[in-house]
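J.: Take a look and give me a structure for this.
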Amino acid sequence: YHLFVLGSGGHTKEMLMMMDDGFCNFANFHRRYLITAGDLNSIHQVAEYETDLDLLCIREGKEAGTYDTRFVARARRVHQPLWSTPFSALRSMLEIIPALLTPPKNDVGANLRYPTCIFSNGPATGFFVGLAVHLLKMFYVVPEDSMKFVYIESWARISTLSLTGKLFYYTGIADVLVVQHAEVAAKYGIENAGEMVFNARRPDI
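T.: Numbers count the residues shown, from 1 in each chain. Take a look at the predicted model:
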């Protein structure tokens, strides 16, 4: 199954738009959404996305798969003083780790204990999820070939990496790091994946 790190400020909308590619054959596939506590906007957007996906798959006679949501403390609030960030980040990490280690309560979880891929596109919590994955592998808690971390820089970052993107860039803990604009790719020597945020669900796909 795959895990998607969501976030306020447009990150959730972008992530769901990137997922919205018209593909419907999700039999025996599970999606887990990691949402920060109090992010009602992400909760509503996920519910709407999953409803639309279910309807699309029904029209095509295919299965939409399953999903669940896990909630964690926010690693850093907007405009939060830097001196207090380590405390909130630690609390977030302590809630992120169980979310990574607890399998879905369905047939998928019975056969697959850990997420195969984890996706993030900019929220601060995403870095701490990546850090948690790195530590779990470092201490041999999870296999090296599980929890592949994919960081896709926000489409809004046209010329520079975000703070989260820079943290992944300089630490090198993401398995995959891509951007969506040529200028950013050239500046940092990172692969340009193109404007993935403009994926569109089309009935003819």
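J.: residue boundaries of the helices in the chain?
T.: Using DSSP state H, the helices of the chain run over 11-19, 40-59, 85-101, 107-111, 124-138, 163-171, 182-188.
J.: now the angle between helix 124-138 and the third one, please.
T.: Helix 85-101 and helix 124-138 are oriented at 60 degrees to each other (axes from the mean of the first three to the mean of the last three CA atoms, to 10 degrees).
J.: For helix 85-101, what does the pLDDT average out to?
T.: For helix 85-101, mean pLDDT rounds to 91.
J.: Please identify the buried residues of it?
T.: With burial defined by 16 or more other CB atoms under 10 Å, the residues of helix 85-101 counted as buried are 88, 89, 92, 93, 95, 96, 97, 99, 100. C-beta coordinates here come from the backbone N, C-alpha and C atoms, glycine included.
J.: With distance to residue 194 added, can I get the residues you listed in a markdown table?
T.: Shown next, in a markdown table, are those (distance: CB to CB, whole Å):
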| residue | distance to residue 194 |
| --- | --- |
| 88 | 34 |
| 89 | 32 |
| 92 | 31 |
| 93 | 32 |
| 95 | 34 |
| 96 | 30 |
| 97 | 33 |
| 99 | 30 |
| 100 | 29 |
